[in-house]
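# Could you look at this predicted model? Sequence included:
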Amino acid sequence: MIDEPVSGFRLDLDLVGAFVDGRLNDAGVAELADQVAMLMPFHASMPIALVATLQRVEHRLGGEAEMLAWLDRHPGRPRMTTRSYGVIALLDEVGGLRPVVTALRELRAREPDPPGLAPFLIPDTTSATLPSVAQGIESLLGDDRPAEAVGVAVEAAEWVGRLAPRAAELDAELADLGERAERAAAAAREAVPETSAGGPPGDAGDGRAAPGDAIGADTPAASGEPRRDR
């Protein structure tokens, strides 16, 4: 579970204000998208002031779904984050289903676990196995390692794809699981950068808007349990 943002994280108030007013240039919009993407793993445990500032961006875009679509249009951290959450949602949705757990247990008996998933797995296969991988992906995002997160997401979706035929044999309602896993893997694969893009905010080179006042992790925390909404 992720408790607090990475050290030094800020959401630039000048960028947010200019974006809400429609005055932000393309470089500033890209910087704001990068900052918003960094917030996503801490959605329900952010400081109150940070929540309110993020909501200004969300309202300007028309809602949560529209904000996710906006993030996905920006390559680098924003797209890696949204594509990772696409896989996280799939793992959380199907990980506790009995046919999926059975198919996964049989798959693990036949072949080694994917190397990239090993840090997030235990020997036993249970309803918590795939959600634990989902949590691992989110933890990498929270640790400011989006390139690693999306790489693990690709492996995880491909793993679900390999168990999908057996799960469909056990439950016909899972007939589309393989196709869904393939789509999630392909989407995540498209976001994998040619070189690592997990550096700290502000390292993206020239053209970024200069930072102004910021709301960050040193303001009072909002109540509520951290959760994955996407």
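Looks like it arrived, so ask away.

# following the longest helix anywhere in the chain, which helix or strand comes up?
The residue-count maximum for a helix in the chain (DSSP state H) belongs to helix 146-170. The helix or strand immediately downstream of helix 146-170 is helix 177-191, counting by DSSP states H and E.

# between that following helix and helix 146-170, what angle do the directions make?
Orientation check (axes from the mean of the first three to the mean of the last three CA atoms, to 10 degrees): helix 177-191 against helix 146-170 gives 170 degrees.

# could you pull out the helices for the protein?
All helices of the chain, identified by DSSP H, fall at 13-20, 26-39, 48-61, 64-72, 77-94, 98-110, 129-142, 146-170, 177-191.

# would CSV of these with mean pLDDT and mean neighbour count be doable?
For the C-beta atoms, the positions are set from N, CA and C on the backbone; glycine is no exception. Below are these laid out as CSV (pLDDT from 0 to 100; neighbours: other CB atoms under 10 Å):
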stretch, mean pLDDT, mean neighbour count
helix 13-20, 96, 18
helix 26-39, 96, 21
helix 48-61, 93, 16
helix 64-72, 96, 17
helix 77-94, 98, 24
helix 98-110, 98, 17
helix 129-142, 97, 23
helix 146-170, 98, 22
helix 177-191, 98, 19
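
# Among those helices, which comes closest to Pro123?
helix 98-110 (8.8 Å; CB to CB).

# Which residues does that closest one contact?
Helix 98-110 is contacted by residues 94-95, 125-127, 129-130, 159-160, 162-164, 166-167, 170-171, 174, 177 when judged by CB atoms under 8 Å, 6 or more residues apart in numbering.

# between that helix and helix 146-170, how many degrees?
Using the same axes, to 10 degrees: helix 98-110 against helix 146-170 is 110 degrees.

# Give me the angle between helix 98-110 and helix 77-94.
110 degrees.

# to the chain's geometric centre, what's the distance from helix 98-110?
25 Å (CA atoms, centre = their mean, to the nearest Å).
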